[in-house]
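Colleague: Following is a predicted model, sequence given first.
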Protein chains: 2
Amino acid sequence: MLFRQFFDGVSSTYTYLLASAPGREAVLIDPVKEQVEQYLTAIGQLGLRLVKAIDTHTHADHITALGDLRDQTRCISIMGEYTQADCVSYRVSDGEILDTDGIRLRALYTPGHTNESFSFVLAPEAPRAVFSGDVLMIRGTGRTDFQNGDPGKSWDSITQTLFALPDETALYPAHDYKGWTSSSIGEERRYNPRLAGKTREQYIEIMNNLKLPNPKMMDVAIPANLGCGLDAPQGKRG
Amino acid sequence: MLFRQFFDGVSSTYTYLLASAPGREAVLIDPVKEQVEQYLTAIGQLGLRLVKAIDTHTHADHITALGDLRDQTRCISIMGEYTQADCVSYRVSDGEILDTDGIRLRALYTPGHTNESFSFVLAPEAPRAVFSGDVLMIRGTGRTDFQNGDPGKSWDSITQTLFALPDETALYPAHDYKGWTSSSIGEERRYNPRLAGKTREQYIEIMNNLKLPNPKMMDVAIPANLGCGLDAPQGKRG
């Protein structure tokens, strides 16, 4: 399998490129508008054809590349079925499998960070990895204080849906801020400080008291991302 | 196998943690002083025991964690046989194999970025990956204008030693500045803009005319790294 992780240093976003082999159809998960040229270079040099671009949710901290990639490659843009982004070409349902030339991803509805967040499990019959967006992160979890976030739903998505995956499943989130590039379900079950040894009530209490400032890009990014990032000029981020 | 890549955002350095499985002995390649706590957290939570810390060369852009890791974990600090860092516990020779509880790394002398740079090939009998330090980077190569760098030797190390590895060998450099986290030998042979379609003479000409400013940390980092980073206070970087 061909697997590449890209990092956008401004927003600390990870983007994932997957294909069964060089020369085959490819899928991108959580692409960033300002990095489109990098993705297209890699895709071209690896001889891939981009056919799907997926956002796990409506991001508040960077502008999506979904619209640009759709326009430039004719790929299908994909989000979960509860997205408010009308420009998305295809809305995936909970449990549905997306097959990209042999790369199989199962969509899982995992609300909490937002009410429309999905995760995607690679090779769902024998899970190898999960792309968890901002719901479950490495030794952290995504904030739940805007975009209809809900700490109780975040707890349920993580403990009932994601932690039902095998311990050895690799975890690839949409962000990391400390320089970690991956983790595993087993590690997060045992060592995530917001979750390990905590009750649902304690988790809700923690999340309701994070007192985080709004993301710098939030007022620009959310409206732009509801339009698949097409109306946001490149290079105008903070 | 257990494999983790860490990223130090200040110096754009990649550090690699390798072990055959959770609970086993581990090796770190190119660790950064300011990230020691992150490495030790990961190592502890994965139930690993750090036994080797390797620097591919004397870094000029960040301070090594070799001395701190040796003091805190009693691991062996390792560099190539031509290093000037007298504090290093063990100097590896060209072609030598380091075995860490089943993780086998072959040391390859690859001068050019510096005159004491080594690369390390994972599973050398059927190469899976090469940790190339600053000699070969993703779509780039390490500068050759200080620390006895030599563009002719850089060309020879890359084209004769590293490009002799199978095309599918994954490439993990010590740095990337564009958000790419890995490549492969085949990709660099075909698409590295300083190398593909170039002659040795053209490469030397390119490298001799890069006109790069010195790394911000250079005057601090090189002397500090010749002392394994022990005399440099944490948190004092620019």
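Modeller: Received the coordinates, thanks. Residues are numbered from 1 along each chain as shown, chains lettered A, B, ... in the order given.
Colleague: residues near residue A:208, how many?
Modeller: Using other CB atoms under 10 Å in any protein chain shown, residue A:208 is surrounded by 11 other residues. (Glycine included, C-beta is placed from N, CA and C.)
Colleague: how about the nearest residue to it, chain neighbours excluded?
Modeller: residue A:151 (6.2 Å; CB to CB, 6 or more residues apart in numbering or on different chains).
Colleague: who's in contact with the one you found?
Modeller: Shown in contact with residue A:151 (CB atoms under 8 Å, 6 or more residues apart in numbering or on different chains): A:112, A:144, A:203-204, A:206-208.
Colleague: would residue A:224 count as being in a helix?
Modeller: Yes. Assessed by DSSP: H, G, I helix; E, B strand; the rest coil, residue A:224 belongs to a helix.
Colleague: Okay, it and residue A:215: tell me how far apart.
Modeller: 13 Å (CB to CB, to the nearest Å).
Colleague: Around chain B, which positions in chain A sit nearby?
Modeller: Listed as neighbours of chain B in chain A under the rule CB under 8 Å from any CB of the partner chain: A:4-9, A:35, A:38, A:42, A:45-46, A:178-182, A:187, A:190-191.
Colleague: OK, contacts around the residue nearest in space to the middle of chain A?
Modeller: Central residue of chain A (CA atoms, centre = their mean): residue A:133, 2.8 Å from the mean position. Counting by CB under 8 Å, 6+ apart, residue A:133 touches A:30, A:56-57, A:110, A:113, A:117-119, A:142, A:173-174.
Colleague: Looking at those, which are in strands?
Modeller: Within the contacts of residue A:133, residues falling in strands by DSSP state E are A:118-119, A:173.
Colleague: So in terms of bridging, what pairs with residue A:8?
Modeller: residue A:13 (DSSP bridges).
Colleague: quick revisit: from residue A:117, how far out is the residue lying closest to the residue nearest to the centre of chain A once chain neighbours are set aside?
Modeller: Leaving aside its sequence neighbours, residue A:133 sits nearest to residue A:56 (CB to CB, 6+ apart; 2.9 Å). With distances taken as CB to CB, residue A:56 is found 6 Å from residue A:117.
Colleague: Between these two, which is the more surrounded one?
Modeller: residue A:117 (30 against 26).
Colleague: ok so, going back, neighbour count for residue A:224 and residue A:215, which is higher?
Modeller: residue A:224 (23 against 18).
Colleague: Correct me if wrong: the more buried one contacts residue A:231.
Modeller: Yes. Using CB atoms under 8 Å, residue A:224 is in contact with residue A:231, at 6.0 Å.
Colleague: re the thing from before, give the residues shared as contacts by residue A:224 and residue A:215.
Modeller: Contacts common to residue A:224 and residue A:215, judged by CB under 8 Å, 6+ apart, are absent.
Colleague: Would you agree residue A:47 is in contact with residue A:21?
Modeller: No. With contact defined as CB under 8 Å, residue A:47 does not reach residue A:21; the gap is 9.4 Å.
Colleague: With respect to chain B, which of the ones in strands among the contacts of residue A:133 is nearest?
Modeller: residue A:173 (13.8 Å; CB to the nearest CB).
Colleague: Tell me how many other residues surround the closest one.
Modeller: 27.
Colleague: For it, which residues are in contact?
Modeller: Residue A:173 touches A:14, A:131-134, A:136-138, A:183, counting by CB under 8 Å, 6+ apart.
Colleague: Give me the contact list for the lowest-mean-pLDDT helix or strand in chain A.
Modeller: In chain A, no helix or strand scores lower on mean pLDDT, DSSP states H and E than helix A:218-226, which sits at a mean of 92. With CB under 8 Å, 6+ apart as the test, helix A:218-226 has contacts from A:55, A:58-64, A:84-87, A:146-147, A:215, A:231-232, A:236-237.
Colleague: quick one, strands of chain A?
Modeller: A:2-8, A:13-19, A:25-29, A:49-54, A:76-80, A:90-92, A:97-100, A:103-109, A:118-122, A:129-133, A:136-137, A:140-141, A:170-173, A:183-184.
Colleague: who's in contact with residue A:19?
Modeller: A:1-2, A:25-27, A:46, A:48, A:100-101, A:103.
Colleague: Got a quick PyMOL command for the buried subset of these?
Modeller: A single PyMOL command selects the buried members of the contacts of residue A:19 (16 or more other CB atoms under 10 Å in any protein chain shown):
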select buried, chain A and resi 2+25+26+27+46+48+100+101+103
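Colleague: end to end, how far does stretch A:56-68 reach?
Modeller: 17 Å (CA to CA, to the nearest Å).
Colleague: How far away from the center of its chain is it?
Modeller: Taking the mean of its C-alpha atoms, stretch A:56-68 sits 9 Å from the chain's own mean (CA atoms, centre = their mean, to the nearest Å).
Colleague: same deal with stretch A:42-53?
Modeller: The answer for stretch A:42-53 is 19 Å, by CA atoms, centre = their mean.
Colleague: Tell me if I'm right that residue A:42 and residue A:16 touch.
Modeller: No. The criterion here is CB under 8 Å, and residue A:42 misses it with residue A:16 at 11.6 Å.
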